[in-house]
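J.: give me the fold of what follows.
(one chain, ligands or ions: 1)
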Amino acid sequence: MNFASDNIVGASPPVLQALTQANVGAMAAYGGDEITRRVKARFNEIFEREVSVFLVTTGTAANALALSSAVPPYGLCVCHREAHVIDDECGAPEFFMHGAKLAGLPGVGAKLTAEGVSAYLRGLPRAVKQMPPKALSISQVSECGLVYDLGELKELGDLCREHGLAFHMDGARFANALVSLGCTPAEMTWKQGVDILSFGGTKNGCLMAEAIVVFRPELAESLDYRSKRAGQIVSKGRLISAQFEGYFAGDHWYENARHANRLAKLLSAGLSELPGVRLAWETQANEVFPIIPAAMDKALKEAGVLYHPWTELSLPAGETVGPNEALIRLVLSFATREEDVHRVLAIARSASSRQAAE
Ligand SMILES: Cc1ncc(COP(=O)(O)O)c(C=O)c1O
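T.: Predicted coordinates:
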C-alpha cells in the first residue's frame, strides 16, 4: 500500500489508449502535428480565451522555464520557503533564470498571504545593490495540501499588479485544486491575475506531460527557444500531446482528481476520529497530513504502508509534534483503491485500540 506520492502509479487507461492511437502512422515532428494543434486549441477552450501553451515532460522543467521567462537574471522571485521551486528542483529555476534568485518566505501550510508578501516587499531595500522583485510563485495545491481560495488568489494577483510582479502558479496538482474549489480553470488563474501557469498532468493520470500555459503574451515570446535550449521540445511531440488528449477527453481529468480528493477526505476523516490523531493542516485536496502517535506510525510501517514523514516548518501557531508523535504525509491518487484506504484505517484503528489497552 503505497501512499508516498501521486506519482508512484502509472498512467491512467484513457491516456494510454490515446497514446496507442497516436502511435500509428507518420506525423510532423517537434510539435508540428495535428494532435498538438488540437490539444493547444483545447487549452484555449479550457481557459476560455487564447493562451500560449508549451508542452514539457516534467514539472521541474515547466516551473524553471516559466520562471525564466518572467524573471530577468538580476531579479528576485518570491515564493514560500517550502515551495517545490526552491526546495525540490535542485536549483533548476535559478539555473534557467541565469542568476536570478528565489526568496523563500514563511507561511502556515506552505501558503503565502498578501499581507506577508506585502510586508516583505515593503521591507526590501531599493538600491542598485539589491535584486528587485520581479515575480511571485505559489503552489496550488500547496506543499502542505492546502488550496488557495479565489479571494486569496485575487489578493495576491492584485498585489502582483501593484508591484509589477509576474504571478506564477505551480499547478502540479492543478486538477485537485480545481475540483476542491469547484470553480473553472479561468477563475482559478487569469481571472485572479495569474500570468503564467505550470499545468500538471503527470500526477493526475498522464505518463509524463506538463504544460506551461501563458496568459500574458509577452511572457511567451522566448519560451520556444528556452524550451529547445532545455531539451524540452520533444521530437515525437505528438506523444506528449496525445496524453493530454486522453486526459481531457470526457472530463477524465476531473474524474481522476475527484476520486483522489474523495479518498483523501475518507482517509482524513477516519484517521482524525482516532484518539491521539489530529490533522496538521485541513485536508483540502488529495494529501493528508496527520500527526499520529509513534506506536501507530510503527504499526503502519510494519504493515507495509508507505508514506513520507513531513516537515514541521509550516505548522499553525501553537501546534507542535510531540516526542512520541510523527507528522506524516499520505497522498491519494487517481489510481488509489478505496479498499486500501479502509485497510490503512483498520491498521490505524487496531494500533489505537492496542495503545488504549496498554
Ligand atoms: C508542488 C510541485 N511542483 C512541481 C512538481 C513536479 O516535479 P517533477 O519535476 O518531479 O515533475 C511536484 C512533484 O512532486 C510538486 O509536488
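
J.: check the protein for the residue nearest the ligand and tell me.
T.: Closest approach of the chain to the ligand (CB to the nearest ligand atom) occurs at Gly59, with a separation of 2.2 Å. Where C-beta positions appear, they are placed from N, C-alpha and C, glycine not excepted.

J.: report the contact partners of Arg126.
T.: By CB atoms under 8 Å, 6 or more residues apart in numbering, Arg126 lies in contact with Pro132.

J.: just checking, next helix/strand downstream of the host helix or strand of Arg122?
T.: For Arg122, the host element (DSSP states H and E) is helix 114-123. Using DSSP H and E, the helix or strand that follows helix 114-123 in sequence is strand 133-139.

J.: with adjacent residues omitted, what lies nearest to the residue most central in space within the chain?
T.: The centroid of the chain falls nearest to Ala172 when counting by CA atoms, centre = their mean (2.9 Å). Spatial nearest neighbour of Ala172, chain neighbours left out: Gly200 (4.0 Å); criterion: CB to CB, 6 or more residues apart in numbering.

J.: what's the answer for Ala294, then?
T.: That would be Asn324: by CB to CB, 6+ apart, it lies 4.7 Å from Ala294.

J.: thought the residue of the chain closest to the ligand was touching Glu210?
T.: Yes - using CB atoms under 8 Å, Gly59 is in contact with Glu210, at 5.3 Å.

J.: looking at those two, which one has more neighbours?
T.: Each of Gly59 and Glu210 has its neighbours counted (other CB atoms under 10 Å); Glu210 has more, 28 against 25.

J.: quick check: the closest residue to that one other than its chain neighbours vs Arg49, distance?
T.: Excluding its sequence neighbours, the residue lying closest to Glu210 (CB to CB, 6+ apart) is Ala62, at 4.4 Å. Plainly put, Ala62 is 20 Å away from Arg49 if you go by CB to CB, to the nearest Å.

J.: any idea of the pLDDT on Arg126?
T.: Arg126 carries a pLDDT value of 88.

J.: what of Arg354?
T.: Arg354 is given a pLDDT of 84.

J.: same for whichever helix or strand it is part of, what does it pack against?
T.: Taking DSSP H and E as the definition, Arg354 sits inside helix 338-357. Helix 338-357 sits against helix 252-272, strand 290-293, helix 294-302, with contacts defined as 3 or more CB pairs under 8 Å, 6 or more residues apart in numbering; DSSP states H and E.

J.: would JSON lines of these with mean pLDDT and mean neighbour count be doable?
T.: Shown next, in JSON lines, are the helices and strands packed on helix 338-357 (pLDDT from 0 to 100; neighbours: other CB atoms under 10 Å):
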{"stretch": "helix 252-272", "mean pLDDT": "98", "mean neighbour count": "21"}
{"stretch": "strand 290-293", "mean pLDDT": "97", "mean neighbour count": "23"}
{"stretch": "helix 294-302", "mean pLDDT": "96", "mean neighbour count": "17"}
